[in-house]
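Q: missing the sequence, but the structure's below:
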C-alpha cells in the first residue's frame, strides 16, 4: 500500500502548526513556504527571489527613491500525529463469526488510514495504548508507521475501563512531545468512563484532538426491538455467558438509552471543539469514507471561518 493509497485523507488543521520541517501545512514559524506572513524592508543578504517587486515599485514611486520590500512566509511544516488506542474489553467484542461491527478490524483499519495519511503529509507518527499492565508510548517518526496497524487488532484487550482517561492525562503530561497543531486521534467506543474534566483539559491544549467513535450500530448506538426473546449475553471482561430474556419494554428502554448516550457524547465533543469520526463498519473502504468525510467537513468549516 502506498502513502497515496485510497485510504489516505488530508490532515486539515484548524490553526497553524508547529511541527516537523518540510511538510505541507503553514507553520507558526517563518521560513520557506507558500503562505505569505507579511512584508518588511529589504536588508543586505535577503535573496532576490523574496523581493516583492510590485510593492517595491509602488513604495519607490511614493517616496521618490529606491525602496525594496521582501515577503516573509510561514514555513511549511508537517503536524505530528499520535494515535491513542483504547484496549479495554469492550473493544474486542463482536468479532467473527458474528455479522456485526468487528471493533478489532475497525481499529486496525482506522490506524492504517491514519498512519498512511501521516506518511503522505510527511508527519512524525506516534502510538499510545494501555494493556492490563502499563501504558505504552511508541514513536516511529516517519519510518513505516503502518507497521503499527498490522498488530493493533491483535493481542489482549484487558485495559481497565477507565484507562482512556488515564491515557489522555498522560498525553497532557507529555505535551512537550506534541507541539501546537499536533493531531491526536483517540480510537475508542467511549463506553468506559472518561471524566468530563479530562476531556475539558485536553480541549485546552492547542492540539487537533479527534475522537474516533467505534460503536456497533445495532447493539450500541441503538438496540433491536425484541419481545420475549432469550438472548445469550457475554460479559466482555470475564467472558461469562448467560441467557437473558428481553421484553419489548426492555428493548425500547435500551434503544432510547443507547441513542441518548451517543447524542450526549457527540454534544460534549462538539461543545469542546472536537469534530468526531463515527465508525460503524470495519471494512477499509468504509473507514476511509468516514475519514474523508471528516476531512471535508473540517475543510468547509475552515473556509467559512476565513
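A: Sure, I can see it. Source: prediction; values computed, not measured. Residues are numbered from 1 along each chain as shown.
Q: secondary structure class for the residue nearest the centre of the chain?
A: Computing the C-alpha centroid of the chain and ranking residues by CA atoms, centre = their mean puts residue 185 first, at 2.7 Å. Secondary structure assignment for residue 185 (DSSP: H, G, I helix; E, B strand; the rest coil): strand.
Q: which residues touch it?
A: Neighbouring residues of residue 185 by CB atoms under 8 Å, 6 or more residues apart in numbering: 81, 82, 83, 84, 110, 114, 210, 212. From N, CA and C alone the C-beta is placed, and that goes for glycine too.
Q: quick check: bridge partners of it?
A: Counting by DSSP bridges, residue 185 is bridged to residue 83, residue 210.
Q: quick check: it vs residue 197, distance?
A: Residue 185 sits 21 Å away from residue 197, taking CB to CB, to the nearest Å as the criterion.
Q: quick check: residue 59 touching residue 70?
A: No - if you go by CB atoms under 8 Å, residue 59 and residue 70 don't touch, sitting 11.8 Å apart.
Q: neighbour-wise, which of these two wins?
A: Taking neighbours as other CB atoms under 10 Å, residue 59 and residue 70 compare with residue 70 leading, 20 against 17.
Q: and that one, that's in a strand?
A: Yes - applying three-state DSSP, one finds residue 70 inside a strand.
Q: tell me the pLDDT of it.
A: We have a pLDDT of 79 for residue 70.
Q: for it, which non-adjacent residue is closest in space?
A: Setting aside the residues directly before and after it, residue 70 is nearest to residue 50 in space (CB to CB, 6 or more residues apart in numbering), at 4.3 Å.
Q: let me see the contact set for that neighbour.
A: Applying CB under 8 Å, 6+ apart, the residues near residue 50 are 70, 71, 72.
Q: any low-confidence regions in this protein?
A: Applying pLDDT under 70 to the chain flags the ranges 1-6, 15-37, 73-77, 133-134, 140-148, 302-306.
Q: pop the domain breakdown of it in here.
A: 26-76, 79-305 (automatic domain parsing).
Q: the strands in the protein, which residues?
A: Assigned by DSSP state E, the strands in the chain fall at 20-30, 36-41, 69-78, 81-85, 125-130, 135-141, 183-188, 208-214, 229-234, 241-246, 277-279.
Q: which helices and strands does the fourth one pack with?
A: Okay, so that is strand 81-85. Other helices and strands packing on strand 81-85, by 3 or more CB pairs under 8 Å, 6 or more residues apart in numbering; DSSP states H and E, are helix 103-120, strand 125-130, helix 163-173, strand 183-188.
Q: report the inter-axis angle for the first one versus strand 135-141.
A: Same thing as helix 103-120. If you take axes from the mean of the first three to the mean of the last three CA atoms, to 10 degrees, helix 103-120 sits at 30 degrees to strand 135-141.
Q: what does the last one give?
A: Calculated by the same axes, to 10 degrees, strand 183-188 forms an angle of 140 degrees with strand 135-141.
Q: and stretch 82-95, which residues are buried?
A: Buried residues in stretch 82-95, counted by 16 or more other CB atoms under 10 Å: 82-94.
Q: quick one on the thing from earlier: out of the strands of the chain, nearest to residue 100?
A: With CB to CB as the criterion, residue 100 lies closest to strand 208-214 of the strands of the chain, at 11.9 Å.
Q: how about the nearest residue to residue 129, chain neighbours excluded?
A: With sequence-adjacent residues excluded and distances taken as CB to CB, 6+ apart, residue 129 is closest to residue 85, at 4.0 Å.
Q: actually residue 240, not the one I typed
A: Spatial nearest neighbour of residue 240, chain neighbours left out: residue 234 (6.9 Å); criterion: CB to CB, 6+ apart.
Q: state which helix of this protein is the longest.
A: Identified as the longest helix of the chain according to DSSP state H is helix 248-271.
Q: give the buried residues for that helix.
A: 250, 251, 254, 258, 262, 265, 266, 268, 269.
Q: just the closest of the residues you listed to residue 283, please.
A: For those, the nearest to residue 283 is residue 262 (21.2 Å; CB to CB).
Q: ok, that closest one to residue 217 distance?
A: According to CB to CB, residue 262 and residue 217 sit 10 Å apart.
Q: these two touch, right, the residue nearest to residue 240 and residue 243?
A: No - judged on CB under 8 Å, residue 234 makes no contact with residue 243 at a distance of 10.8 Å.
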